[in-house]
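Enquirer: Structure for the following, please:
(2 chains)
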Protein chains: 2
Amino acid sequence: MTIHELTTPAALVDTTRMTRNIQTMQQRMNYLGVAFRPHVKTTKCIAIAQAQIAAGAKGITVSTLKEAEQFFAAGINDILYAVGMVAPKLNQAAALIQRGCALKIIADSVESASAIMAYSEAHKLTFEVWIEIDTDGHRSGVKPASEELITIGHILNRHKRTLGGVMTHAGSSYDLNTPAALQILAEQERSLCVLAASRLRATGLPCPNVSIGSTPTALSAQQLEDVTEVRAGVYVFYDLVMSNVGVCSVNDIALSVLTTVIGHQVDKGWAIVDAGWMAMSRDRGTQKQSNDYGYGQVCDASGRVIEGYQLIAANQEHGILSQVKPDNDQVITARFPVGTQLRILPNHACATGAQFPSYHPINDQQVISPAWDRFYGW
Amino acid sequence: MTIHELTTPAALVDTTRMTRNIQTMQQRMNYLGVAFRPHVKTTKCIAIAQAQIAAGAKGITVSTLKEAEQFFAAGINDILYAVGMVAPKLNQAAALIQRGCALKIIADSVESASAIMAYSEAHKLTFEVWIEIDTDGHRSGVKPASEELITIGHILNRHKRTLGGVMTHAGSSYDLNTPAALQILAEQERSLCVLAASRLRATGLPCPNVSIGSTPTALSAQQLEDVTEVRAGVYVFYDLVMSNVGVCSVNDIALSVLTTVIGHQVDKGWAIVDAGWMAMSRDRGTQKQSNDYGYGQVCDASGRVIEGYQLIAANQEHGILSQVKPDNDQVITARFPVGTQLRILPNHACATGAQFPSYHPINDQQVISPAWDRFYGW
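Expert: Now for the predicted structure:
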């Protein structure tokens, strides 16, 4: 089957690009001497996670316990749940551990650590807990130089084998766009997470794992001394945001949305396509970046970029495609007649992928069967 | 079960508010003397569509053929697919009609109308087609005064029973926020769609149906002479965008996301919650409105608005909750301790609902069983 036989909108995964993205990242991690733990929240797809593991990943990172359950059921055992644990979710985490999952959970507060230990003691179950470190002020985590870090460490160390390490995510790397700035942030992420580990160890606490990462810092780090593993998610597909950050080219983007032209507004230079925000997502991550792609970059059905044409607006099932700087290239009805198939590259692959129940893997314009299911929800 | 036993994030539907929203709209349509055809793209939920029909709706509007298939399988027969038809989707539409579905499709171009007629003739199958009219320059449709309208009408009228009417959607109503402006646009939507119908009839073409609507115009129209039916979708839940438009109050919003506080950044006044953009969606529809709610308005677990607190930012599974104008109300850790359950009202109910596989209907804080499934995809 070719892509021309697919119902649109459809999520396409260019398997050549995806495989190259997976291999390039794994080779970089091997060269830097660290283990790699891809974040599978980007894809929520067992076939893709298995490809990452086959390439050398040592385990996975997840953003929900549902992901942990689904990937564990598919045979993946070494799982880091990288969102702060709270008491109401401990039953669900405990059930995974009791079934043999090597699940690691995280905490960044005395309250969270205390809740984990109280549950652990009441249920005679050991959790492996990594302390989340704030290395860039982006979101969660305790400061690496704080007293709270040591306090949390001591709470978790009431039981041997509970305190498993430290982890951080320099999410502010998405706001950068020069190699120099990215290298500085990557070194900040590394050194501050290593500092946290050193402070724990200096007080006699164990800290076997030092886990860092984001796609931009993973690709920018010059050395990873004293780091044990790196995490990254969106690199598997890349997207327009990552292209603007400067860590991939537009031609590395493996995820696109296949769409069909359904109408026009000739006087406005618009083609209306059947990929609205329900297909592309509402993510406007390139809005504040150097190159704003609207709701996505237009490509022809074979995946070649059509310079200057974007989805400039989106309703639920309608996308508005237009030339960004009109140059009377051609009347829009002649350029993109009703029925024309196009591909749209997404701002943010994690958000766009989440709109689809499955991906269609493709090799050039051939659709590989079966489709790859993805799941959603919590 | 109470909401405190739910895994978060979870989508809650306040059934008291939803029932009131459904009844109020239906009563208004009855008073205005028109049939009502709710747009079920907002909910994609059979239980809710059945409640709308039980209240008096004559049929439904859908945004995808998958919706048509799902609702037809659930026993709803009178369905308008309100996205421009193109040739590759005619097989799917034909299969529904052959199974007995009273499906109506739409066209707004000579190309689309010709493709429908070519298929119809080749397969000896009659489609009922309504012509989409552009009454506000918002998106799709032919101009009501255009020659193209008449041309399309004649193409479709090659077979009796094909040309079923005209329809329009004044989507630009979302950009307004005064009753006067909304009333003017509602009358523009009505009068221009009626003009299109009159022009078709004046050339001897049939036009039995005149279908208009959007939630804001449906609630603002003063009279609907010569209109046969109205469509509206988001009114069933309402949201913060509609509150800013001025057609509902915040206390009418029936959809909220239940979330749990998982951490803090005390120096920044942040509470971190487990509702990120994967739960809220990336929709920032209030960004350009009079009151920007960030990623949503914070309420306590019982649904009471906590003035001044919003989700100011969102990552995939992390929301950042903060006071918008800090007044040292209370230290954030004391105001919202780890483990606190909150509800977040959404910017755009259609986008937020789409992030969840099911809704939990609630009555006060009691969860009604079973949950209401919703579907997605194409």
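Enquirer: From here on, just use CA atoms for contacts and neighbour counts.
Expert: OK.
Enquirer: low pLDDT regions in chain A?
Expert: Within chain A, not a single segment meets pLDDT under 70.
Enquirer: For it, identify the residue most remote from the centre.
Expert: A:Asp267 (39.8 Å; Cα atoms, centre = their mean).
Enquirer: can you tell me how far that residue sits from chain B?
Expert: 10 Å (Cα to the nearest Cα, to the nearest Å).
Enquirer: In a strand, that residue, correct?
Expert: No - counting by DSSP: H, G, I helix; E, B strand; the rest coil, A:Asp267 is not part of a strand but helix.
Enquirer: can you give me the helices in the stretch 51-200 of chain A?
Expert: Applying DSSP state H, counting those that start in this stretch to the stretch 51-200 of chain A gives helices spanning A:65-73, A:90-98, A:110-123, A:147-156, A:179-202.
Enquirer: So for chain B, which of those helices sits nearest?
Expert: Nearest of the helices of the stretch 51-200 of chain A to chain B, taken as Cα to the nearest Cα: helix A:110-123 at 6.7 Å.
Enquirer: that older thread, how far away is the residue farthest from the centre of chain A from A:Asn328?
Expert: Between A:Asp267 and A:Asn328 the distance is 12 Å, computed by Cα to Cα, to the nearest Å.
Enquirer: Likewise for A:Ala55?
Expert: 47 Å.
Enquirer: Off-centre distance for stretch A:201-209?
Expert: 29 Å (Cα atoms, centre = their mean, to the nearest Å).
Enquirer: domain ranges for chain A?
Expert: What automatic domain parsing lists as the domains of chain A is A:17-236, A:248-373.
Enquirer: Export the ones you listed as JSON lines, with columns for distance to B:Asn21.
Expert: As requested, the domains of chain A are arranged in JSON lines below (distance: least, Cα to Cα, whole Å):
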{"stretch": "domain A:17-236", "distance to B:Asn21": "33"}
{"stretch": "domain A:248-373", "distance to B:Asn21": "22"}
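Enquirer: residues contacting A:Glu69?
Expert: A:Leu96 (Cα atoms under 8 Å, 6 or more residues apart in numbering or on different chains).
Enquirer: A:Asp134 too?
Expert: A:Ser140, A:Gly141, A:Val142, A:Lys143, A:Pro144, A:Thr168, A:His169, A:Ala170.
Enquirer: number of nearby residues for the fourth one?
Expert: To tie it back to what came earlier, the one meant is A:Lys143. Here the number of neighbours of A:Lys143 (other Cα atoms under 10 Å in any protein chain shown) works out to 20.
Enquirer: okay but it is in contact with A:Leu149, surely?
Expert: Yes - A:Lys143 is within contact range of A:Leu149, at 7.1 Å (criterion: Cα atoms under 8 Å).
Enquirer: can you pull the buried residues of stretch A:132-149?
Expert: Residues of stretch A:132-149 classed as buried: A:Glu132, A:Ile133, A:Asp134, A:Thr135, A:Asp136, A:Arg139, A:Ser140, A:Gly141, A:Val142, A:Lys143, A:Pro144, A:Leu149 (neighbour count, 16 or more other Cα atoms under 10 Å in any protein chain shown).
Enquirer: Same question for stretch A:305-324.
Expert: A:305, A:309-314, A:316-323.
Enquirer: tell me the two of these that are most distant?
Expert: A:Val305 and A:Gln316 (24.1 Å; Cα to Cα).
Enquirer: Show the backbone phi and psi for the residue nearest to A:His159 when sequence neighbours are not counted.
Expert: Using Cα to Cα, 6 or more residues apart in numbering or on different chains and skipping the chain neighbours, the partner closest in space to A:His159 is A:Thr126 (7.8 Å). Per-residue torsions, A:Thr126: phi -100, psi 120 (degrees, to the nearest 10).
Enquirer: can you count the residues close to the residue of chain A found nearest chain B?
Expert: Chain B sits closest to A:Arg282 of chain A, with a gap of 4.9 Å, by Cα to the nearest Cα. Residues within reach of A:Arg282, counting by other Cα under 10 Å, total 24.
Enquirer: Assign a three-state SS to it, would you?
Expert: At A:Arg282, secondary structure determined by three-state DSSP is coil.
Enquirer: Quick one: the helices in the stretch 251-378 of chain A, in order.
Expert: Counting by DSSP H, counting those that start in this stretch, the helices of the stretch 251-378 of chain A are A:277-280, A:332-335, A:349-353.
Enquirer: Dump those into TSV; add mean neighbour count as well.
Expert: Converted to TSV, the helices of the stretch 251-378 of chain A look like this (neighbours: other Cα atoms under 10 Å in any protein chain shown):
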stretch	mean neighbour count
helix A:277-280	27
helix A:332-335	14
helix A:349-353	26
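Enquirer: now those in TSV, with distance to chain B?
Expert: Compiled in TSV, the helices of the stretch 251-378 of chain A are given as follows (distance: least, Cα to the nearest Cα, whole Å):
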stretch	distance to chain B
helix A:277-280	8
helix A:332-335	10
helix A:349-353	8
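Enquirer: TSV for the ones you listed, including distance to B:Thr203?
Expert: As requested, those are exported to TSV (distance: least, Cα to Cα, whole Å):
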stretch	distance to B:Thr203
helix A:277-280	39
helix A:332-335	27
helix A:349-353	46
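Enquirer: pretty sure A:Ile48 is in a helix, no?
Expert: Yes - assessed by three-state DSSP, A:Ile48 belongs to a helix.
Enquirer: Could you show which parts of the stretch 51-200 of chain A are in contact with chain B?
Expert: A:63-64, A:83-89, A:108-109, A:111-112, A:139-140 (Cα under 8 Å from any Cα of the partner chain).
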